[in-house]
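Engineer: Provide a 3D model corresponding to the input given below.
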Amino acid sequence: MKTPDALAIAIGPRVRKSPFFDATIRYGARAFTIYNHTYMPTTFTSMVDEYWSLVRDVTLWDVSCQRQIEVVGPDAMQLIQQLTPRDVSNCKTGQCLYVLITDEHGGIINDAVLLVLGPQQFWLSPGDGDILLWAMGVAVNSGLDVNVFEPDVSPLQLQGPKSPNVAKALFGDEILDLKYYRAIETVLDGIPLVVSRTGWSGELGYELYLRDSRFGDVLWEKVMQAGKPYNIRPIAPNMIRSVEGALLSHGSDITLKDNPYTLGLGRLVSFDKPDGFIGQQALHRIQAEGTKRLLCGIELQCPPLHCTNGEPWPVSFEDDPVGHISRCVYSPRLEKNIGFANVPIAHSGPGSRLTVTTTNGDVGATVVNVPWVQAEKIIPKDL
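Structural biologist: As a prediction, the model looks like this:
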């Protein structure tokens, strides 16, 4: 069935509004989705228009839907170690790590950025899914001395090549010394924040974790004012840039049916972790046997796609169904239709030829290496 060109989303008290919700409306948000039970803007102008602002200038995103999970207490590290296959025992205060959260079968419940605020205090900044409830469930009968809860924390993302200029205007020269995947606690004119060199854009960027929701509107305006000389614009998380950079999206590219090896993320699994982790036996078996499927990059040979796939598109080989497209989009700077295909190992090698059934019919496609565009990590020294 064809999806209508325009759909409305009802606004009500059942779904949470972010502290920046009114500001996003004021600045022209035209569409929202519901992510982690929270309204998240998806369109201000258009995906392509916002993409060019992201890769050329600087952009501000309301991502309060990244509802933080705080794990605190004498046994906080031990609980984090149980939740993720990645060994985080050597993490230092101020460090950030990308982690996967797995179930007993090795399936991925969610992915998250782990922020280490202290030896006994951690935040998990997750994708779309109820990790809070999972972590609380793991902790409740664990016997660990730990508290798991959702703190009053609301992230903004400041992303784009000119984001360091805006960060410098807000926080001073010292912020330029903050290394990639590091975080600091700070205060901006009385507003308590954690600032990290992280983000979901592949461009230079920061995340501003507001620690008191009462300051939402004030913080938004301060960032927008500081960004005026650099042509700052509010946008939504941009699918074009995330696919270009092979930044995966939970719920589409990552599902419970997938394991770290399906995603090519076996490097995030440490079997020699002290005390083990949930899903260890299953993942050890999967590693030994070899994964049956792989998420790989794919290019579709067809005219430019004018919309993203609203549902997984079937992938076939010689008329036999073999997998699906999780996300695909037209990249205006690459002038290619690019995306991710979940297919058997036999069809996952670069150069493999497949057929994708789109809403406009069957098209040829080729498996390619990813990412198409490498992440920007180094801040220029001449700011």
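Engineer: quick one: the helices in the protein?
Structural biologist: Counting by DSSP state H, residue ranges of the helices within the chain are 21-26, 47-56, 76-83, 131-140, 163-171, 216-227, 239-244, 280-289.
Engineer: Out of those, the one nearest Val148 is which?
Structural biologist: Using Cβ to Cβ as the measure, helix 131-140 is the one of these that comes nearest Val148, at 4.9 Å. Backbone N, C-alpha and C define where each C-beta goes, glycine included.
Engineer: Between the helices of the chain, which one is closest to Pro192.
Structural biologist: Of all the helices of the chain, the one in closest proximity to Pro192, counting by Cβ to Cβ, is helix 216-227 (10.2 Å).
Engineer: and the closest one with helix 163-171, angle?
Structural biologist: Relative orientation of helix 216-227 versus helix 163-171 (axes from the mean of the first three to the mean of the last three Cα atoms, to 10 degrees): 120 degrees.
Engineer: show me the contacts for the closest residue to Phe215 other than its chain neighbours.
Structural biologist: In this structure, Phe215 finds its nearest non-sequential neighbour in Ile191, 4.6 Å apart by Cβ to Cβ, 6 or more residues apart in numbering. Contacts of Ile191 were listed using Cβ atoms under 8 Å, 6 or more residues apart in numbering, and they are Leu210, Asp212, Phe215, Val218, Leu219, Lys222.
Engineer: By neighbours, which of those wins?
Structural biologist: Within the contacts of Ile191, neighbour counts (other Cβ atoms under 10 Å) peak at Leu210, which reaches 25 neighbours.
Engineer: what residues are up against that residue?
Structural biologist: Neighbouring residues of Leu210 by Cβ under 8 Å, 6+ apart: Pro19, Val153, Ser154, Pro155, Leu156, Ile191, Pro192, Leu193, Gly216, Leu219.
Engineer: same check, this time on Met77
Structural biologist: Counting by Cβ under 8 Å, 6+ apart, Met77 makes contact with Val88, Ser89, Pro119, Gln120, Phe122.
Engineer: can we see that at 6 Å?
Structural biologist: In this structure, Met77 makes contact with no residue, judged by Cβ atoms under 6 Å, 6 or more residues apart in numbering.
Engineer: okay, it: pLDDT?
Structural biologist: With respect to pLDDT, Met77 scores 97.
Engineer: That one and Leu100, how far apart?
Structural biologist: Taking Cβ to Cβ, to the nearest Å as the measure, Met77 and Leu100 are separated by 17 Å.
Engineer: again, but for Gly279
Structural biologist: Spatial separation of Gly279 from Leu100 under the definition Cβ to Cβ is 9 Å.
Engineer: about what we covered before: so what's the residue nearest to Phe215 bridging to?
Structural biologist: Ile191 has these beta-bridge partners by DSSP bridges: Leu188.
Engineer: do you know how far it is from Gly172?
Structural biologist: With distances defined as Cβ to Cβ, the gap from Ile191 to Gly172 amounts to 15 Å.
Engineer: now do Thr42
Structural biologist: Spatial separation of Thr42 from Gly172 under the definition Cβ to Cβ is 34 Å.
Engineer: ok, back up a step: need the buried ones from the contacts of Leu210 selected in ChimeraX.
Structural biologist: For selection in ChimeraX, the members of the contacts of Leu210 meeting the burial criterion (16 or more other Cβ atoms under 10 Å) are listed in this command:
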select :19,153,154,155,156,191,193,216,219
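Engineer: ok, of the contacts of Leu210, which one's closest to Pro304?
Structural biologist: The closest of the contacts of Leu210 to Pro304 turns out to be Leu156 (Cβ to Cβ; 31.5 Å).
Engineer: so the closest one touches Leu208, yeah?
Structural biologist: Yes: Leu156 is within contact range of Leu208, at 4.6 Å (criterion: Cβ atoms under 6 Å).
Engineer: Find the residues that touch each one of those two.
Structural biologist: With Cβ under 6 Å, 6+ apart, Leu156 and Leu208 have no common neighbours.
Engineer: coming back round to it: mind telling me the two of the contacts of Ile191 farthest from one another?
Structural biologist: Among the contacts of Ile191, the pair separated by the greatest distance (Cβ to Cβ) is Asp212 and Lys222, at 13.8 Å.
Engineer: quick one: Gly297 from Ser252, how far?
Structural biologist: Looking at Gly297 against Ser252, where the rule is Cβ to Cβ, the gap reads 15 Å.
Engineer: and if you look at Asp212?
Structural biologist: Here Asp212 is placed at a distance of 33 Å from Ser252 (Cβ to Cβ).
Engineer: Val363 now?
Structural biologist: Distance check for Val363 against Ser252: by Cβ to Cβ, it reads 20 Å.
Engineer: just for the stretch 251-383 of the chain, where's the confidence low?
Structural biologist: Within the stretch 251-383 of the chain, not a single segment meets pLDDT under 70.
Engineer: What are the boundaries of the strands in it?
Structural biologist: When secondary structure is read from DSSP state E, counting those that start in this stretch, the stretch 251-383 of the chain shows strands at 293-301, 313-317, 320-331, 336-344, 353-358, 361-368.
Engineer: Redo the ones you listed as CSV? Include distance to Tyr27 and mean neighbour count.
Structural biologist: Output for these, formatted as CSV (distance: least, Cβ to Cβ, whole Å; neighbours: other Cβ atoms under 10 Å):
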stretch, distance to Tyr27, mean neighbour count
strand 293-301, 34, 21
strand 313-317, 33, 18
strand 320-331, 24, 19
strand 336-344, 29, 22
strand 353-358, 34, 18
strand 361-368, 37, 16
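Engineer: Any chance of the ones you listed in JSON lines with distance to Asn141 as columns?
Structural biologist: Supplementary listing: those in JSON lines, determined by distance: least, Cβ to Cβ, whole Å:
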{"stretch": "strand 293-301", "distance to Asn141": "34"}
{"stretch": "strand 313-317", "distance to Asn141": "42"}
{"stretch": "strand 320-331", "distance to Asn141": "35"}
{"stretch": "strand 336-344", "distance to Asn141": "35"}
{"stretch": "strand 353-358", "distance to Asn141": "46"}
{"stretch": "strand 361-368", "distance to Asn141": "45"}
